[in-house]
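Asker: Based on what follows, work out the 3D shape:
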Amino acid sequence: MRLGRAKFVILLVCFSLACTVSQVLAGKKDKENTASSPNDTAQRRALHALNRLTFGPRPGDVQQVMAMGVDQWIDFQLHPKKIDDSALDARLEPLRTLRMSAKEIAEDFPDGQAINQVRNGKRGMPSDPARRAVYQVQLARQEEKREKKEEAVKNAAAAAAPEKISSAPAAKSAMATNAASDGAGTADGSAAGAAMNSTPMSGAANGATATTDSMTSSAANDATVAPAPKPAKLTREEKQQARLHEQQLYADLELQQLPSLPPDERFKKILNMPIDAQVAVADSLRGGKAPALLEGLNPKQKETLLAMNNPVGVVTGELAQAKLLRAIYSQRQFEEVMTDFWFNHFNVFVDKGLDRLMLTSYERDVIRAHALGKFEDLLVATAKSPAMLYYLDNWLSVGPFSAKALGIPEHPSPYVRYQIVKPKAGKSTPGLNENYGRELLELHTLSVNGGYTQRDVTEVAKVFSGWTIDDPAHGGSFKFDLRMHEPGPKYVLGHKIKPKGEDEGLEVLHRLATSPQTAHFISLKLAERFVSDDPPPALVDSMAKTFLKKKGDIREVLDTLFHAPEFWDDATYRAKVKTPLEFVASAVRATGAEIDDAVPLTRQLNNMGMPLYGAQPPTGYSMKADTWVSTSALLNRMNFALALTNGKIKGVKTDAAQLTGSSADPPDANLTLATLETSLIAGGVSQQTHNSITAQIEAARIEAAKKSGTPPKQDNKGKPGDSQRSPDANTMSGLLLGSPEFQRR
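Answerer: This is a model prediction of the structure:
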């Protein structure tokens with residue numbers, strides 16, 4: 001049974017599984033098929049740990065965890081530095097931007113602002129040929145856009161201008177016509193005259209018709225030959241089109257020859273091309289010619305060509321690829337789960353301007369580096385991160401009575417008196433930005449019900465005024481600017497914060513990090529991620545006590561969670577619905593698929609409504625089921641699962657036959673299905689899911705027999721013979737990955 005032959009079967013299964021939305025949402029568990037249910041408590045315990053602490057088990061993982069012991073395995077994951085992850089490092093090696101500083105990224109992969117600075121002479125062109133090519137192409141594209149915009153404005157103005165109607169007498173109009181016909185008084189008189197004579201005349205101009213006709217007749221009898229008309233001048237737009245056409249012809253010829261060249265020679269030739277040809281090469285990378293042009297190039301060369309097309313896209317693209325590769329291949333699975341958790345908690349939106357260049361460092365040096373350390377250290381690191389400062393606009397926040405707001409020079413003259421004028425009561429505080437102060441209290445620490453007021457938000461904003469970025473466009477780091485900082489004491493949550501510059505912010509962060517409300521809120525969010533959407537209050541309270549006792553040690557809080565009876569309760573087994581990222585990563589891990597190119601997988605997440613680093617609000621992506629469960633969402637997941645297992649996703653190779661333990665499909669469909677249920681969903685499937693897939697297999701078998709013209713054989717009990725069954729391990733695997741059981745962890 002091939003995928004194309006069973007299209008109607010797939011649609012039926014999709015429909016039947018989509019109808020189980022309420023089952024997935026509620027976490028309801030039907031009676032499991034005893035043929036594939038875990039018979040051992042240790043196996044169920046190992047599977048539960050893998051489902052919660054990793055992005056999903058791979059083939060053989062359950063057995064390995066059981067052999068090590070679940071508690072020892074959890075402790076191992078809580079200390080990731082003990083785990084060798086060199087295999088993942090090798091996969092990430094070609095993604096050079098992952099190891100670059102924000103400053104290096106800003107230099108090698110300029111955004112539009114940087115290109116504008118070069119065009120306006122505020123920034124020099126790089127001398128390195130590879131970097132220079134990137135800048136040259138972007139400058140050429142900007143210039144082309146500018147010319148098109150100017151031409152569009154010019155054309156719009158011409159179209160909007162009213163027609164000029166001459167008010168001169170008829171005789172004067174006739175004289176003007178005759179003069180134009182003779183070519184007098186104009187540099188292009190012949191062409192103008194021809195145009196005038198070929199255009200019907202109306203109004204006062206008709207009075208000159210007889211005169212014009214007589215002159216034309218006289219000219220016809222004259223033996224003198226009129227001079228040849230001069231060619232009409234090309235407009236700016238026509239010249240540009242002609243130039244682009246010539247460039248395209250040249251570029252097409254060059255592009256046809258480039259792939260045949262050795263990689264180094266090809267790259268060198270592109271760098272030495274005229275700018276117009278480089279633009280054509282960059283444009284071609286948007287289409288199907290990219291693989292041929294990139295074939296054989298080393299990582300730096302590939303990045304350069306891709307950056308010629310879209311510099312910032314290289315950075316964000318490699319960041320997204322790395323996130324998926326880490327989730328799928330890292331041996332330090334729990335560290336990756338926690339990195340994802342904390343990034344979502346301290347969310348930064350990738351498309352907020354310069355954050356595209358800052359996120360790599362933010363995730364690497366701020367989030368991952370503190371994912372299992374002290375919460376206060378993580379909180380301070382995020383507060384000082386240029387990515388967070390830029391995302392929530394705190395880098396622009398100026399205290400209303402600061403030296404900068406009052407216009408006091410940086411180095412005031414001792415001979416000049418400066419008058420400080422306080423704003424009137426009720427007036428808004430100019431320059432003070434409350435975004436970070438509000439999210440710090442509401443989302444990062446105390447929670448929306450944490451007992452703070454609007455006055456606290458404003459006071460916190462004053463505390464963090466002056467926390468800014470040193471030269472953000474060039475990848476600068478955190479800087480405290482005293483001239484932007486609001487002077488005087490502040491009052492936060494009933495505490496007086498004495499004036500002490502940058503240390504005011506550190507004091508507020510310390511108070512928030514050690515607050516009982518913060519301890520409860522962080523514990524609640526961790527329990528929601530690892531236990532259920534509505535975790536037991538007693539568990540949250542126990543975690544919060546550990547949080548306060550261990551001074552916010554995240555590893556200790558998680559250790560309390562994983563050794564709590566509530567974590568292992570039967571009610572928590574498969575009680576969490578996977579987010580799209582968790583679903584895609586777990587599906588690839590479960591099938592043992594090999595990824596040659598992670599970009600198509602990132603596009604799949606876009607289709608599922610979870611583009612990586614693409615959550616625009618500070619809340620990040622929801623971890624709760626109701627956000628991700630709907631009929632359309634489950635159908636999208638089913639489509640992905642079937643595409644994955646049938647090899648329809650570029651850059652990803654799967655072999656479902658390996659999961660059945662055979663190089664070819666076994667002759668019996670039920671045996672194939674039972675084997676796949678064990679390998680893909682180690683904890684077993686419900687009887688409803690098993691029967692649904694079995695029914696579809698039978699329907700497909702009957703359809704295949706009808707198309708072949710061979711009636712289905714039956715055994716002596718009137719049931720279809722096994723020889724007539726046409727199991728397809730790929731399609732069965734896809735259906736199982738799309739099942740309600742696999743949607744939950």
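Asker: Show me where the stretch 51-200 of the chain has its helices.
Answerer: Assignment of helices within the stretch 51-200 of the chain using DSSP state H, counting those that start in this stretch yields the ranges 61-68, 70-78, 86-92, 102-108, 112-119, 129-160, 170-182, 189-197.
Asker: Phi first, then psi, for Ile595.
Answerer: phi -100, psi 120 (degrees, to the nearest 10).
Asker: Return the residues in contact with it.
Answerer: With contact taken as CB atoms under 8 Å, 6 or more residues apart in numbering, Ile595 is in contact with 324-325, 328-329, 588, 601, 651-653. Every C-beta, even on glycine, is put in place using the N, C-alpha and C of the backbone.
Asker: So which of those wins on neighbours?
Answerer: Highest neighbour count within the contacts of Ile595, by other CB atoms under 10 Å: Leu601, with 28 neighbours.
Asker: pretty sure that residue is touching Leu324, no?
Answerer: Yes. At 5.4 Å, Leu601 counts as touching Leu324 under the criterion of CB atoms under 8 Å.
Asker: circling back: make TSV from the contacts of Ile595 and add distance to Gly738, secondary structure and pLDDT to it.
Answerer: As requested, the contacts of Ile595 are exported to TSV (distance: CB to CB, whole Å; DSSP: H, G, I helix; E, B strand; the rest coil; pLDDT from 0 to 100):
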residue	distance to Gly738	secondary structure	pLDDT
Leu324	20	helix	98
Leu325	23	helix	98
Ile328	19	helix	98
Tyr329	23	helix	98
Val588	14	helix	97
Leu601	16	helix	97
Gly651	21	coil	93
Val652	16	strand	95
Lys653	20	strand	92
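Asker: Just name the closest of these to Thr579, please.
Answerer: Leu324 (13.1 Å; CB to CB).
Asker: picking up where we left off before, mutual contacts of Leu601 and Leu324, please.
Answerer: In contact with both Leu601 and Leu324: 584, 595, using CB under 8 Å, 6+ apart.
Asker: and this structure, what are its domains?
Answerer: 10-37+576-743, 98-149+237-313, 330-513, 520-572 (automatic domain parsing).
Asker: Out of these, which is closest to Leu88?
Answerer: The nearest among the domains of the chain, by CB to CB, is domain 330-513 at 4.9 Å.
Asker: Report the separation between the two terminal residues of the closest one.
Answerer: Here the two ends of domain 330-513 are set 30 Å apart, with distance taken as CA to CA, to the nearest Å.
Asker: same question, stretch 609-620
Answerer: For stretch 609-620, the end-to-end distance is 13 Å (CA to CA).
Asker: Run through who's touching that stretch.
Answerer: Residues contacting stretch 609-620 (CB under 8 Å, 6+ apart): 316, 319-320, 323-324, 343-345, 347-351, 359, 391-392, 439, 443, 579-581, 602, 605-606, 621, 628, 633.
Asker: filter the residues you listed to the buried ones?
Answerer: Buried members of the contacts of stretch 609-620, counted by 16 or more other CB atoms under 10 Å: 316, 319-320, 323-324, 343-345, 347-350, 359, 391-392, 439, 443, 579-581, 602, 605, 621, 628, 633.
Asker: Give me the pLDDT value at the residue nearest to Asn51 when sequence neighbours are not counted.
Answerer: Of all residues not flanking Asn51 in the chain, Arg745 sits nearest, at 4.0 Å (CB to CB, 6 or more residues apart in numbering). Note for Arg745: predicted pLDDT of 91.
Asker: so who does Arg745 touch?
Answerer: Taking CB under 8 Å, 6+ apart as the test, what Arg745 contacts is 51-52, 56, 574, 576-578, 582, 586.
Asker: ok, now how distant is it from Gly317?
Answerer: 28 Å (CB to CB, to the nearest Å).
Asker: any idea which element Tyr491 lies in?
Answerer: strand 490-492 (DSSP states H and E).
Asker: For that strand, the averaged confidence score.
Answerer: 97.
Asker: In that strand, which residues are buried?
Answerer: Result for strand 490-492 [16+ other CB under 10 Å]: buried residues 490, 492.
Asker: now do stretch 257-277
Answerer: For stretch 257-277, burial by neighbour count (16+ other CB under 10 Å) applies to 258, 266-267, 270-271, 273, 276-277.
Asker: Helices - which of those residues land there?
Answerer: 266-267, 270-271, 276-277 (DSSP state H).
Asker: Does Thr360 touch Ile105 like I think?
Answerer: Yes. In this structure Thr360 lies within contact range of Ile105 using CB under 8 Å: 6.4 Å.
Asker: where do the contact lists of the two overlap?
Answerer: Counting by CB under 8 Å, 6+ apart, the shared contacts of Thr360 and Ile105 are 97, 315.
Asker: so where's the protein shaky on pLDDT?
Answerer: Low-confidence regions of the chain, defined by pLDDT under 70, span residues 1-39, 162-255, 287-288, 412-430, 661-667, 683, 708-727.
Asker: let's see 50
Answerer: Applying pLDDT under 50 to the chain flags the ranges 1-6, 8-10, 12-13, 15-19, 28-38, 165-225, 426, 428-429, 665, 715-726.
Asker: so where do the strands sit in it?
Answerer: Assigned by DSSP state E, the chain shows strands spanning 467-469, 478-480, 490-492, 495-497, 594-595, 652-653.
Asker: Quick one: those as TSV, columns for distance to Ile83 too.
Answerer: As requested, the strands of the chain are exported to TSV (distance: least, CB to CB, whole Å):
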stretch	distance to Ile83
strand 467-469	35
strand 478-480	31
strand 490-492	41
strand 495-497	42
strand 594-595	21
strand 652-653	25
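Asker: Now tabulate the domains of the chain in a markdown table and tack on distance to Arg44.
Answerer: Below are those laid out as a markdown table (distance: least, CB to CB, whole Å):
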| stretch | distance to Arg44 |
| --- | --- |
| domain 10-37+576-743 | 7 |
| domain 98-149+237-313 | 37 |
| domain 330-513 | 19 |
| domain 520-572 | 9 |
